[in-house]
Structures are given as C-alpha cells and as structure tokens.
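Chemist: quick one, what's the 3D model for this:
(2 chains)
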Amino acid sequence: MPGQPKILLLDEDQDFLDLYREMLSQHLPSLPEVRAANSGSRALSILESEQFNLLITELNLSHMDGLQVLTIARRKHPQLRLVVLTAIRDEQFRTRSYALGVDQFWIKPETDQEMGLFMESIESLIGREAHGGFRGVQSKSLVDIIQLECLSQSSCMLKIINGLTEGKIYIQNGEVTDAEMPGMNAEPAFQRILSWKTGSFEILPPDPSRVRTIFTSYQGLLLNTAQAIDEAASATVDLPHPENSPHPNPAPANLAPQLAEVSQMEGVEFVLALGGDKASAQNSWGLDNPKPVVEFTRQALQNFRDLGERLQVGELQQIFGTGPQRKVAVASCGNSDLCVGFPPALPSDQVNDSFKSILTKWAS
Amino acid sequence: MGFLSRLFKSGKPGLVHLPAGSFTLDREGRIMTSTLPQSFPVDHLRTIGSQVLASFRSAKKAQMPLSEIVIQYSALKVLARELRGGAIIFLMPQSHQRLNPKLKNP
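Modeler: Numbering: from 1, shown residues only, chains lettered A, B, ... in the order given. The predicted structure follows:
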C-alpha cells in the first residue's frame, strides 16, 4: 500500500486511544495516519471500508473480544499486520494470539524504555509490506539468509520450521557443513529445506562437533538446489498417463508420484489425498472403497476447523485416531487434505514421525 | 474512569480462558460430568462433544471404528476416548512456556 501508512487502534478506553493516537501519529518517523475504534464491530466495519497497514488491538473488549476481532481480521484481511497491545498478562492469551497469526504481542508499556521499544517495533512493522518470505525477515528469502551467514564467515545453526516440519542447516566458518530434516540429511536435506517458500527460522549457536557431510561450496550448493527445484517443476509435465498407473484408483498425473512415494513409507496401509474443495478429485492408494473414508476425512477436517475457529485456538494442525483395526492421521497440506492409515500396533510416536515425514514430502 | 463506574462495574463478558480438564458425554451428547470451571461456556462443551461424537460415528461408518481421537490445534489439544457410544474428552491448552521450558515470561 503506497503512501502514508495507516494504523487502526482498537481499545475501549478513550483516554488510551487519544494518547496512543497522538503518540503514533506524531512520534513515528513514518508519520502514519492513525484511526481509532472503541469496539470490535466498529473496527471491523472501518477495516471493510478502508485499507490499513496495521491493526493494534486490546484483547479485553466487551461484546466481541479481541481474539474474535483477530480471527475475523486475519481471515478477511490476510495482508493486514496485527499487533496485540493488552493489559492482560497471561501466557495462554499470548499463545492463542500468536496461534491466530498476530505479528507481535505487547503488554501495555509501563516505562519510557518499554514505550520506546514498542514505538520502534511498530515503525519497523509498518515499514515493510508483506511479500511472503520467512517470519522475522519478511523481505529475505532463505537463500539470502544463508548467503548473508556464509559471506560474513559465521558459524551458526539455522533452525527452520515449515508447518510441522523442522529442518536444520549447520554453517561453520562460512561454509555449509551439514543439513538435516526428518528422514533426510546432508545435501538432499539442504535442497528440500531450500524448496520451502515460507516458515520461520532461528539462528542458534554452532555445533562444532557436528560431523561434516557437505563438502560443496555454498555457491555450488545454492546453484545445485536451484537446478533441482527447476527440474522438479518441469518433471511433472513428463509423467506417464494415469491409465498406466498400477493403483486401483489412478491419481491425476501430478499426484501419482507423491502417492507412490508415500505408499512406500514404513507402516503406511493406505493414503487418501483430496483436493481442497468438494468438487475436486480424490486420489487414493490401498483403499478398495475410498468413498466412506473421503466422507470421514472431509467431515472431520471441516468440523474441527470450525470448532477451532469458534474456540479461537488457532490453526487445526492434525487429527490422530486410534482404533482396533488401524490408526489414522488426517491433516491439510497445501491444497490437499490427507488421510493416512497405519497398523494398530505401530506406536503412536512412530505414527506421528511417519506422518510428519509424509507431510514434508507432500508439501515439497 | 468515574467514581460510579468503579463502584458499579458492568457485567461485561470477559475473555474466555481455555481451561484444562475433562468432561464426559453420553451417547446423546448430554454432558454427564465435568471437571472444567463453570466460567467455561457450556455451549462450547456441547459443540466440542457433538463434533467428537460425529467423528466417532463417521469413522465407524467408514469401516474404521476409532476408540480415541486426538485433535491438535496451535493452542489446544483435545483428546477424546470413546465410552460406550459416549465419550470422555480432555482439554489441554498448549502454551509456548510448556513447550519450551527455557522460555521465560518477561
């Protein structure tokens, strides 16, 4: 959104609104336009009528509380940055706010120093538009981050989290020495991690005792990775026709390799992949009659997503079921909904790990 | 903040704190027992219960009866065990502090 940035402040305390409106509009270097609302419904109607860069909200509001406002704002205005500024010191509300996708959670500042930090963070937040990328360094890709670390001859460990999957890249004196993620390590893991488009990362202290498994220079690694990603993208065009597929329920060409790969994983009894909407195709492996499982998967995901929204507990991550005949795991992954069956004797930890690996493979 | 408003506080509904605890349902979805605080809305319990029971039924219809379902959200874990057509449901709020004990509240 070009031009003067716009901030919407939501709180029931008129004194607070007057004070913060003045401070934000006059003391931030970007001189934003600041509007105020004293109720959740008023704030949402203002958001409908005008475009804003940032919403700063209190949680404790009557009628419609702050978590409800955040839920609706996140769904209707995905580009809007969200900040909670509250007097409630409660770890659970902090967790739930982050689960709903807020960018920052602040307890109302009580000292000049805290106020200074708050103002700085708000300035930095409105200073950049959302272009995707990794949380914390939104304008940088993972390649940029690795280049920065290697060029500065750093030693560190990058922990990257993409959905439920965690990857690690080890850098020693400006060289990438190792990488790991569930079910993969060394260069393949590095390539897979770099194919992730979004996520969050942490820079952690280096682990000098880590055994080096990657000996290619970081420039070579990045080039190889870019090439591998390009090849993978073009490979989907050359897949065999579904008529040649050995599976009982042939999948469309672009999903067949993923289904085949997942079906080879240890313990997997069946795999069902559904498109995001009801009209889209279903693909399965290992199911004679997928229809009832399709209904179960769609119903469970829809019902529990609605429940999560009602309880304001953030995104539905996954559903695990245990029964006398089998264990099942259900989750959404990108544009697909997945349901995977496992034998009942497989320990829950193993089901969990295996399902994480499946989601990783599917996502990449 | 006037003097009167301090004395006569409005009975506005506050934020609902997610409780940790459990409750049981019969096969009709009626709440039988609960260890959750009364401040947590009964409507929420009924909704959770009905969705859980619907999932047990739907799984049974799909020829894969389930005795336990775990629903994992970013900030809440729900564990439900089937009890003769009804269910016992555990609510376990998840917090960053519990996940990462090294993280300290500022």
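
Chemist: from here on, just use CA atoms for contacts and neighbour counts.
Modeler: OK.

Chemist: hmm, who's touching stretch A:64-80?
Modeler: Contacts of stretch A:64-80 with the rest of the structure, by Cα atoms under 8 Å, 6 or more residues apart in numbering or on different chains, involve A:39-41, A:44, A:52-55, A:57-60, A:82, A:97, A:100-102, A:130, A:309, A:312, B:14-15.

Chemist: and the residue of the stretch 251-364 of chain A nearest chain B?
Modeler: Closest contact between the stretch 251-364 of chain A and chain B, by Cα to the nearest Cα, is at residue A:323 (3.9 Å).

Chemist: please apply the same query to the stretch 101-250 of chain A.
Modeler: residue A:107 (9.6 Å).

Chemist: distance-wise, check that residue relative to residue A:114.
Modeler: For residue A:107, the distance to residue A:114 equals 9 Å [Cα to Cα, to the nearest Å].

Chemist: need the residues touching each of the two.
Modeler: Listed as contacting both residue A:107 and residue A:114 by Cα under 8 Å, 6+ apart is no residue at all.

Chemist: which SS class is residue B:23?
Modeler: strand (DSSP: H, G, I helix; E, B strand; the rest coil).

Chemist: residues in contact with it?
Modeler: Taking Cα under 8 Å, 6+ apart, we find residue B:23 in contact with B:31, B:32, B:33, B:34, B:35, B:36, B:88, B:89, B:90.

Chemist: with those residues in mind, which one is nearest to residue A:15?
Modeler: Set against residue A:15, the nearest of these by Cα to Cα is residue B:36 (37.0 Å).

Chemist: how many other residues sit next to residue B:92?
Modeler: Residues lying near residue B:92 (other Cα atoms under 10 Å in any protein chain shown) number 17.

Chemist: element containing it, please.
Modeler: strand B:86-93 (DSSP states H and E).

Chemist: what inclination does that strand have with respect to strand B:21-25?
Modeler: 160 degrees (axes from the mean of the first three to the mean of the last three Cα atoms, to 10 degrees).

Chemist: next, count neighbours for residue 64.
Modeler: Went with chain A since none was named. The burial count for residue A:64: 16, using other Cα under 10 Å.

Chemist: sorry, I should have been clearer: chain B.
Modeler: Neighbour number of residue B:64 under other Cα under 10 Å is 23.

Chemist: what kind of secondary structure is it in?
Modeler: Residue B:64 - assigned by three-state DSSP - is coil.

Chemist: can you tell me what sits against stretch A:171-187?
Modeler: Contacts of stretch A:171-187 (Cα under 8 Å, 6+ apart): A:149-158, A:165-170, A:189-190, A:193, A:206, A:208, A:210-215, A:217-218, A:221, A:353, A:356-357.

Chemist: how near is residue A:66 to residue A:210?
Modeler: 46 Å.

Chemist: the two - which one has more neighbours?
Modeler: residue A:66 (23 against 11).

Chemist: mind checking the backbone torsions on that one?
Modeler: phi -60, psi -40 (degrees, to the nearest 10).

Chemist: need the pLDDT of the closest residue to chain A within chain B.
Modeler: Closest approach between chain B and chain A, counting by Cα to the nearest Cα: residue B:66, at 3.9 Å. Residue B:66 is assigned a predicted lDDT (pLDDT) of 95.

Chemist: residues of chain B that sit close to chain A?
Modeler: B:12-15, B:17-18, B:44, B:47-48, B:51, B:55, B:58-59, B:61-76, B:93-97, B:105 (Cα under 8 Å from any Cα of the partner chain).

Chemist: low pLDDT regions in the chain?
Modeler: Using chain A. Along chain A, segments meeting pLDDT under 70 span A:1-2, A:128-141, A:163-164, A:197-200, A:229-256, A:276-281, A:364.

Chemist: can you look at chain B instead?
Modeler: Residue ranges of chain B with pLDDT under 70: B:1-14, B:96-106.

Chemist: okay, now residue 87: neighbour count?
Modeler: Since no chain was named, I'll use chain A. Residue A:87 has 13 neighbours, counted by other Cα under 10 Å.

Chemist: the chain in question should be chain B.
Modeler: If you count neighbours by other Cα under 10 Å, residue B:87 ends up with 25.

Chemist: re the thing from before, between residue A:107 and residue A:114, which is the more surrounded one?
Modeler: Neighbour count, other Cα under 10 Å: between residue A:107 and residue A:114, residue A:107 has more, with 17 against 14.

Chemist: quick check: the gap between the more buried one and residue A:353.
Modeler: Counting by Cα to Cα, the gap from residue A:107 to residue A:353 is 37 Å.

Chemist: same check, this time on residue A:143
Modeler: Distance, residue A:143 to residue A:353, by Cα to Cα: 27 Å.

Chemist: residues contacting residue A:353?
Modeler: residue A:182.

Chemist: scan the chain for its longest helix.
Modeler: Answering for chain A, as no chain was given. Using DSSP state H to define each element, chain A has its longest helix at helix A:291-311.

Chemist: that answer is for a different chain, and I need it for chain B
Modeler: helix B:42-61.

Chemist: may I see the buried residues of stretch A:154-166?
Modeler: A:154, A:155, A:156, A:157, A:158, A:159, A:160, A:161, A:162, A:163, A:165, A:166 (16 or more other Cα atoms under 10 Å in any protein chain shown).

Chemist: okay, those residues in a markdown table with secondary structure and distance to residue A:265 next?
Modeler: Below are the buried residues of stretch A:154-166 laid out as a markdown table (DSSP: H, G, I helix; E, B strand; the rest coil; distance: Cα to Cα, whole Å):
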| residue | secondary structure | distance to residue A:265 |
| --- | --- | --- |
| A:154 | coil | 37 |
| A:155 | coil | 35 |
| A:156 | strand | 32 |
| A:157 | strand | 29 |
| A:158 | strand | 28 |
| A:159 | strand | 25 |
| A:160 | strand | 24 |
| A:161 | strand | 22 |
| A:162 | strand | 21 |
| A:163 | coil | 20 |
| A:165 | strand | 17 |
| A:166 | strand | 19 |
